[in-house]
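> Let me see the structure of the following:
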Amino acid sequence: MPIRITPEEIAKHIDLKDGLNRVRNNKALFKHMLELFAAGKDFEMLEKAIAEKNYREAENIAHTIKGTSGNLGLVRIFQLSADLVLRLREDIYPEALSEEFKEAVEITLACIEAVLAELV
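Below is the predicted model of the structure:
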């Protein structure tokens, strides 16, 4: 079932003002960066690394996701990836990527799609 994305939902998952500020309000650059993030395979790679118990690789991927999402204003992904990085650094290893993380990714990607349709 498709996710219904409202302006309120976007605001919960993407801080557009912060993301645009980080690229000096260059909407074309911001749009390009969002497109690259949405098309990336980092989440699949993270899930695979955790499933294979390759926790150092998972930490590196989660750290990359944290940095990228922080720079784009993707607040929910940033929060969850930062938490995951800390847990992995403390040798607290998940058996699988949490449903909360997977849901946040799904919703954030839908929000990005909605934002991309509006950015010119």
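> which element is the residue most central in space within the chain on?
Closest to where the C-alpha atoms of the chain average out (CA atoms, centre = their mean) is residue 77, at 3.9 Å. Residue 77 is part of helix 75-89, with elements assigned from DSSP states H and E.
> Can you name every helix or strand that the longest helix anywhere in the chain contacts?
What stands out as the longest helix in the chain, according to DSSP state H, is helix 99-118. Applying 3 or more CB pairs under 8 Å, 6 or more residues apart in numbering; DSSP states H and E, we find helix 99-118 packed against helix 7-13, helix 27-39, helix 75-89. Where C-beta positions appear, they are placed from N, C-alpha and C, glycine not excepted.
> repeat that for 10 Å
Judged by 3 or more CB pairs under 10 Å, 6 or more residues apart in numbering; DSSP states H and E, the packing partners of helix 99-118 are helix 7-13, helix 16-22, helix 27-39, helix 42-51, helix 55-72, helix 75-89.
> and those helices as CSV, adding distance to residue 116?
Output for these, formatted as CSV (distance: least, CB to CB, whole Å):
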stretch, distance to residue 116
helix 7-13, 11
helix 16-22, 12
helix 27-39, 6
helix 42-51, 18
helix 55-72, 12
helix 75-89, 16
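> about what we covered before: please identify the buried residues of the helix holding residue 77?
Going by neighbour count (16 or more other CB atoms under 10 Å), the buried part of helix 75-89 is 75-78, 80-82, 84-85, 88.
> which among those gets closest to residue 105?
Taking CB to CB as the measure, residue 77 is the one of those closest to residue 105, at 6.6 Å.
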